[in-house]
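Peer 1: missing the sequence, but the structure's below:
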């Protein structure tokens, strides 16, 4: 039978029952049935084997084409034919199973895959089927580190196998190439993709490492909705929002690469926002113009934090590969003073025209708030301000 076209995370009981429809669903490189789940077994040998096998299954799918583990569906045992679903038997205590899997992944997978999704489907007999959705790695290889073994596995057809040294070297070589391409794109954005104003501005850029597929169907109404529901105001609930992308939601229009701010909106180019079809996000805000020609430190922080959150939102909304490189900085600053309303003095920026914050590679799971705090610390060092992070009331 043809599998449901719905994402695994949206499967329901009807989709499960359809697995048994004649002809029954067969295992594939992206589908693996598990009749029993001994992750919580009282017998150490069974529990240990189940945990090792689960780690290998997840790593193999992540290093292969991605897919789903279906826990609680019995499969045929005829070695001469492809395994297929034969019975839905379910498992008990699904939430403990999920917690155990998450703990295993966190402790025993080096370079974790993108976040796993779990779909618990209730069945008769007070049992459930757990669908574990495993995304495909786009930039990394996941290694199993368990029982003193460090191994790379991959799923091909309906079985898992150890990767050869040549395969591992080839994949890492390819990853290095696409990473270098992303770094080059960041450098290019800094020179031609940001406002040409000579006034000081803060900039943020996020570039997916794997940009070979230019397929994100970005539309003005989609991006506007994304900005209106920004996770920035969830991570920073007291944020004022004056220097966040939401301010530009009503002035977006289609552009050559995707969606960007209309140039007619601000001829002085005080702000710029672009969301490209390959998942790249560019955001910048001019922060000059306060009394005594000073710059608000909280405005700088808000630009950095909101840009990071927007980039993460785009990744989640359009299922862009989580592996990416993000960078930000402060341009055309010269000796312009920077002030925070809660400071009694106005420290000056370094003599250099630009402050470029450290380039950060992110992958799942990554949290914008953590990257922001690291950048804020770097900026504090550049300004020679002690602990400025604690002086912004919305952080």
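Peer 2: Received, thanks. Nothing here was measured: the structure is a model prediction, and the numbers come from that model.
Peer 1: show me where pLDDT drops low in the stretch 1-150 of the chain?
Peer 2: Where the stretch 1-150 of the chain drops to pLDDT under 70, the residues are 1-5, 138-139.
Peer 1: and the helices in the stretch 101-250 of the chain?
Peer 2: 165-192, 220-228, 232-235 (DSSP state H, counting those that start in this stretch).
Peer 1: what's the most buried one of those helices?
Peer 2: Stretch with highest mean neighbour count among the helices of the stretch 101-250 of the chain: helix 232-235 (a mean of 18; mean count of other CB atoms under 10 Å). (Each C-beta comes from the backbone N, C-alpha and C, glycine too.)
Peer 1: now do it: which elements does it pack against?
Peer 2: When contacts are defined as 3 or more CB pairs under 8 Å, 6 or more residues apart in numbering; DSSP states H and E, helix 232-235 packs onto helix 297-318, helix 368-383.
Peer 1: measure the nearest residue in space to residue 378 that is not next to it in sequence to residue 190 for me?
Peer 2: Spatial nearest neighbour of residue 378, chain neighbours left out: residue 357 (5.3 Å); criterion: CB to CB, 6 or more residues apart in numbering. Distance, residue 357 to residue 190, by CB to CB, to the nearest Å: 12 Å.
Peer 1: just put the helices of the stretch 101-250 of the chain in TSV and tack on distance to residue 281.
Peer 2: Shown next, in TSV, are these (distance: least, CB to CB, whole Å):
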stretch	distance to residue 281
helix 165-192	10
helix 220-228	10
helix 232-235	13
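Peer 1: which of the ones you listed has the lowest average pLDDT?
Peer 2: Least confident of those, judged by mean pLDDT, is helix 165-192 with a mean of 78.
Peer 1: so how far is it from its chain's centroid?
Peer 2: 18 Å (CA atoms, centre = their mean, to the nearest Å).
Peer 1: stretch 316-330 now?
Peer 2: That offset, for stretch 316-330, works out to 7 Å (CA atoms, centre = their mean).
Peer 1: ends of it, how far apart?
Peer 2: 27 Å (CA to CA, to the nearest Å).
Peer 1: can you pull out the strands in the stretch 51-200 of the chain?
Peer 2: 67-71, 73-75, 85-88, 109-110, 117-123, 127-134, 143-146, 149-156, 159-162 (DSSP state E, counting those that start in this stretch).
Peer 1: just checking: what are the partner strands of the fourth one?
Peer 2: Looking at strand 109-110 with DSSP bridges, its paired strands and their directions are strand 143-146 (antiparallel).
Peer 1: contacting residues around residue 254?
Peer 2: By CB atoms under 8 Å, 6 or more residues apart in numbering, the contact set of residue 254 is residue 220.
Peer 1: need phi/psi at it.
Peer 2: Dihedral pair for residue 254: phi -60, psi 140, per degrees, to the nearest 10.
Peer 1: cool, and residue 283?
Peer 2: phi -140, psi 130.
Peer 1: before we move on, the earlier item: ranking the strands of the stretch 51-200 of the chain by burial, who's on top?
Peer 2: Once neighbours are counted as mean count of other CB under 10 Å, the most buried of those proves to be strand 67-71, having a mean of 24.
Peer 1: secondary structure class for the most centrally placed residue in the chain?
Peer 2: In the chain, the C-alpha nearest the mean C-alpha coordinate belongs to residue 322, at 3.5 Å (CA atoms, centre = their mean). Put simply, residue 322 is coil when judged by DSSP: H, G, I helix; E, B strand; the rest coil.
Peer 1: so it makes contact with residue 279?
Peer 2: No. Taking contacts as CB atoms under 8 Å, residue 322 lies outside contact range of residue 279: 10.2 Å.
Peer 1: what do those two both touch?
Peer 2: residue 315.
Peer 1: from residue 64, how far out is the residue nearest to the centre of the chain?
Peer 2: Applying CB to CB to residue 322 and residue 64 gives a distance of 17 Å.
Peer 1: and the residue lying closest to residue 224 once chain neighbours are set aside, how many neighbours?
Peer 2: Leaving out its chain neighbours, the residue that sits closest to residue 224 by CB to CB, 6+ apart is residue 249, at 4.6 Å. Counted with other CB atoms under 10 Å, residues neighbouring residue 249 total 18.
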